[in-house]
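Q: here's a sequence, model it:
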Amino acid sequence: MHVNFERNKNMATKLSVNINKIATLRNSRGGNNPDVVQVAIDCQKFGADGITVHPRPDERHIRYSDVREISKIINTEFNIEGNPREDKFVNLVLEVKPAQVTLVPDDPGQLTSNHGWDTIKEKAYLQNIIEVFKKAGIRVSIFIDPAEQIAAAAADTGADRVELYTEDYAKSYPADKNKAIAKYLTAAAITTQNGLGLNAGHDLDMHNLQFFKQSIPALLEVSIGHALISDALYYGLENAIQLYKRKLSTH
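A: Got it, this is the predicted structure:
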């Protein structure tokens, strides 16, 4: 497939900081140190374009109460990720009404997300649940693998955006970055040609982010947590956020 992103070459890409790891650190000792809500406030102050959280049923990191508290102080974009097959998650999103909900098909005990939706087999289900959120005025993004048929069928679900699952890109990048990006270029082209917005996330970091953005300038948003929070241990949170934002600059 011919890929032409020329018209989007100067498009700004937003950085949404996933603060799940901050909650993991807090929960490891009990109490409220570090303060997850304060970290969300500071990430905004330090230049983050959005805050992402991914509450899971066991609340092993972000708690449902955290989501409610963060919703009160958010002045950037709020993105809540999770599995809509859980009624508790759906009810929380409808209560909080974030700017965006990202639907992820992870299992309850899963350590981290490791696959996207089958937009062909699960088309009817996705259409129904996406409509629930869109009626509430919430933008809907769905997590997908960078496969041509999956990307092509995403438009039929009614989603506003897709989030490309980038773990495979991150793993392959050190050996051959051009090979690593190839299927993402195709999936991105299909997505944008079908009128959907394009997000990306999972294992994007200081080393591989800039090439991903330069290769796919139509990228609207990346959600980054683990790598950015890890880098913050060395650079500080404010510096880490600014360093990642520079990687997203096309200049």
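
Q: all helices of the stretch 101-250 of the chain, in order?
A: 123-135, 148-154, 167-172, 177-193, 209-215, 226-235, 237-247 (DSSP state H, counting those that start in this stretch).

Q: centre-most residue in the protein?
A: Nearest residue to the geometric centre of the chain (CA atoms, centre = their mean): residue 223, 3.8 Å.

Q: so what's that residue closest to, chain neighbours aside?
A: Nearest non-adjacent residue to residue 223, counting by CB to CB, 6 or more residues apart in numbering: residue 201, 3.9 Å away. Backbone N, C-alpha and C define where each C-beta goes, glycine included.

Q: roughly how far does residue 85 sit from residue 79?
A: 19 Å (CB to CB, to the nearest Å).

Q: the more surrounded of those two?
A: The residue with more neighbours, out of residue 85 and residue 79, is residue 79; 27 against 14, by other CB atoms under 10 Å.

Q: list the buried ones in stretch 206-219?
A: Residues 206, 208-219 are the ones in stretch 206-219 that count as buried (16 or more other CB atoms under 10 Å).

Q: one step back: could you give the bridge partners of the residue nearest to residue 223?
A: residue 165, residue 223 (DSSP bridges).

Q: pull the most distant pair out of the buried residues of stretch 206-219.
A: Longest distance between any two of the buried residues of stretch 206-219 is 22.0 Å, between 206 and 218; criterion CB to CB.

Q: name the helix or strand for residue 85, please.
A: In this structure, residue 85 sits in neither a helix nor a strand according to DSSP states H and E.

Q: list the contacts of the residue lying closest to it once chain neighbours are set aside.
A: Leaving aside its sequence neighbours, residue 85 sits nearest to residue 105 (CB to CB, 6+ apart; 7.9 Å). Residue 105 makes contacts with 83, 85, 115-117, 122, 143, as judged by CB atoms under 8 Å, 6 or more residues apart in numbering.

Q: with pLDDT and distance to residue 49 added, can I get those residues in JSON lines?
A: Shown next, in JSON lines, are the contacts of residue 105 (pLDDT from 0 to 100; distance: CB to CB, whole Å):
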{"residue": "83", "pLDDT": "95", "distance to residue 49": "25"}
{"residue": "85", "pLDDT": "93", "distance to residue 49": "29"}
{"residue": "115", "pLDDT": "72", "distance to residue 49": "27"}
{"residue": "116", "pLDDT": "89", "distance to residue 49": "23"}
{"residue": "117", "pLDDT": "95", "distance to residue 49": "25"}
{"residue": "122", "pLDDT": "96", "distance to residue 49": "30"}
{"residue": "143", "pLDDT": "97", "distance to residue 49": "19"}
